[in-house]
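Asks: here is my input; please provide its structure:
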Amino acid sequence: MNGDEVQRDLQGSSNSVSGATKSSFATALDVAGDVFLRFLKAEWSAPLISLVLLVICFSLVSEAFRRLENFYNIGLQAPIIAVIAVGQTLIITAGGIDLSVGSVLAFASVNAAWLLNKGYSPHLGLLVAVLTGCFCGLINGSLVVFGRLPPFIATLGMMGIARGLAHLISGGVSIYIPQSWFWGISSQKILFMPMPFLIAILVALGGHITLAYTRLGRHLYAVGGSYEAARLSGVPVKLVLLIAFVLCGLCTGIASVIEASRVTVGSPMSGIMYELHAIAACVIGGASLSGGRGTIIGTIAGALLMAVLRNGCDALNLRYEYQQIVIGIAVIIAVLYDRWRHERTR
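Replies: Numbers count the residues shown, from 1 in each chain. As a prediction, this is how the structure comes out:
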């Protein structure tokens, strides 16, 4: 083989390598583009992008907002609504709604505080709070499934009952919780993160797995999409709805423990408007009030977005009345967007 042939072989090899490199690069770009398009089409992409943009905007205009301790405060404020919203997402996905979560949270926290104030074990107080939430969820589900009441009416009634029982047990005043490890639920850190934030992550992870990877999750979507079609397809619609309400009650009970630990009292006035904030987080996160659509990732993004919005307004010294107006406008825009998207996909 002479020198010219060797040079041609080397040049051919170089061209082959260059061609393979270009082909691999093009394939990588195609894959990245496909992933990006799927991200944009996801129901939770809009609230997630909005959350990032909101954080950037507040960070640019407020020095107080971009401080590290402020993000820690957001990690303390967001988990309660986020945990409730996870349970609310399960019900909304199935075509229902729960308006009683705020009152049930107050009822559960008062029960726990009463026991702790009487000297009972914090373990018992925690268990009673969670079981109170589950029991109220079971009653709500039973009224809807067996009493055939609309979820709106059943949970509206529970809203009044739970709030009234909270006032009756507490005598209309806050019940002090003596110092114990119960306080640490909201004040301790694990891996530099507030424990309530980690609890919210675990609850969200459980909700995401349930909704996205289990038979129950598929049944929730089916029932929310069409109750009658799901029933004719063999889905145990009554059991599915009952479980959804109990799981929502479970999430509310967990949130009541975080709330009681954070304020160190059980107050009959706690949880006011929490149901609306949780529903707003779900809708902003892409859940449809018509049922059949919703994700836990979107709900958590919606809950964080609302927490950041409220915190940013505080950092800008915006009065509480104006904060409520801003949040109300955000909810209306989210619902209008949901209706527009629903009509577009029909």
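
Asks: dump the residue contacts of the closest residue to residue 100 other than its chain neighbours.
Replies: Nearest residue to residue 100 in three dimensions, chain neighbours excluded: residue 158, at 3.8 Å (CB to CB, 6 or more residues apart in numbering). For every residue, glycine as well, the C-beta is placed using N, CA and C. By CB atoms under 8 Å, 6 or more residues apart in numbering, the residues touching residue 158 are 99-100, 103-104, 136, 139-140, 143.

Asks: in the stretch 51-200 of the chain, where is pLDDT below threshold?
Replies: Counting by pLDDT under 70, the stretch 51-200 of the chain shows no low-confidence range.

Asks: and the contacts of residue 158, which two are furthest apart?
Replies: Across the contacts of residue 158, the longest distance by CB to CB is 14.9 Å; it joins 103 and 143.

Asks: out of these two, which sits in the busier spot?
Replies: residue 103 (27 against 19; other CB atoms under 10 Å).

Asks: in terms of helix, strand or coil, where does the more buried one fall?
Replies: Of the three states, residue 103 takes helix under DSSP: H, G, I helix; E, B strand; the rest coil.

Asks: what of residue 173?
Replies: Residue 173 - assigned by three-state DSSP - is coil.

Asks: what's near enough to touch it?
Replies: Applying CB under 8 Å, 6+ apart, the residues contacting residue 173 are residue 268.

Asks: likewise for the one 3 residues further on?
Replies: Under the criterion of CB under 8 Å, 6+ apart, the contact list for residue 176 reads 113, 117, 264-265.

Asks: and of those residues, the nearest to residue 59?
Replies: residue 264 (31.8 Å).

Asks: circling back: what about the residue nearest to residue 100, distance to residue 266?
Replies: 19 Å (CB to CB, to the nearest Å).

Asks: now swap in residue 309 and tell me
Replies: 28 Å.

Asks: contacting residues around stretch 204-211?
Replies: Contacts for stretch 204-211 (CB under 8 Å, 6+ apart): 82-83, 86-87, 89-90, 93, 216-217, 220-221, 247, 251, 294-297, 299-300.

Asks: now the phi/psi pair for the residue nearest to residue 100, please.
Replies: Backbone geometry at residue 158, expressed as degrees, to the nearest 10, gives phi -60, psi -30.

Asks: strands of this structure, start to end?
Replies: Assigned by DSSP state E, the strands in the chain fall at 175-176, 189-190, 193-194, 265-266.

Asks: off-centre distance for stretch 151-164?
Replies: 21 Å (CA atoms, centre = their mean, to the nearest Å).

Asks: go through that stretch and flag the buried ones.
Replies: 151, 154-159, 161-163 (16 or more other CB atoms under 10 Å).

Asks: any chance of those in JSON lines, plus distance to residue 62?
Replies: Output for the buried residues of stretch 151-164, formatted as JSON lines (distance: CB to CB, whole Å):
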{"residue": "151", "distance to residue 62": "40"}
{"residue": "154", "distance to residue 62": "43"}
{"residue": "155", "distance to residue 62": "38"}
{"residue": "156", "distance to residue 62": "39"}
{"residue": "157", "distance to residue 62": "43"}
{"residue": "158", "distance to residue 62": "40"}
{"residue": "159", "distance to residue 62": "36"}
{"residue": "161", "distance to residue 62": "42"}
{"residue": "162", "distance to residue 62": "38"}
{"residue": "163", "distance to residue 62": "36"}
